[in-house]
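Engineer: Predicted structure and sequence below. I'll ask about it afterward.
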Amino acid sequence: MTMVGDGMNDALALVTVDLGVAIGAGTQVAIESADVILVRNDPRDAIEVLTFSRDMRGKMLLNTAWNFKENIESFSTLFLAWVNIYVDI
């Protein structure tokens, strides 16, 4: 669950939710207790933050898959080279 607030009366809610988003012009308590601080005073930027985080998660998963593929290919090449060296002797 996500909570967007300025900290006037919702600083406790910003701490207890999964993702607390504070507006930059809010109180210092909100800024310290939130997970994400919006620089502009527009609460609609929280949607952009969530979209950005979903996109970054997708890229991280894609990079992990490519990394796994590259590791499998390099280990198999290394194993075949090792077998070729030691089997010929």
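Structural biologist: Everything's here; your move.
Engineer: Remind me what the longest helix anywhere in the chain packs against, helices and strands.
Structural biologist: Longest helix in the chain, counting residues (DSSP state H): helix 45-88. Where contact means 3 or more CB pairs under 8 Å, 6 or more residues apart in numbering; DSSP states H and E, helix 45-88 is packed against strand 2-5, strand 36-38. Where C-beta positions appear, they are placed from N, C-alpha and C, glycine not excepted.
Engineer: hey, least reliable of these by pLDDT?
Structural biologist: Lowest mean pLDDT of the helices and strands packed on helix 45-88: strand 2-5, a mean of 78.
Engineer: Where does the prediction get shaky in the chain?
Structural biologist: 26, 88-89 (pLDDT under 70).
Engineer: per-domain residue ranges of it.
Structural biologist: Structural domains annotated on the chain: 1-43, 44-89, as defined by automatic domain parsing.
Engineer: just those domains: most buried one?
Structural biologist: domain 1-43 (a mean of 17; mean count of other CB atoms under 10 Å).
Engineer: how close does residue 62 sit to residue 72?
Structural biologist: 16 Å (CB to CB, to the nearest Å).
Engineer: Correction: the previous question concerned residue 25.
Structural biologist: Residue 25 is 50 Å from residue 72, by CB to CB.
Engineer: again with residue 21
Structural biologist: 40 Å.
Engineer: again, but for residue 48
Structural biologist: Distance, residue 48 to residue 72, by CB to CB: 37 Å.
Engineer: can you check residue 4 too?
Structural biologist: Residue 4 is 43 Å from residue 72, by CB to CB.
Engineer: what does residue 41 give?
Structural biologist: From residue 41 to residue 72 the distance is 49 Å (CB to CB).
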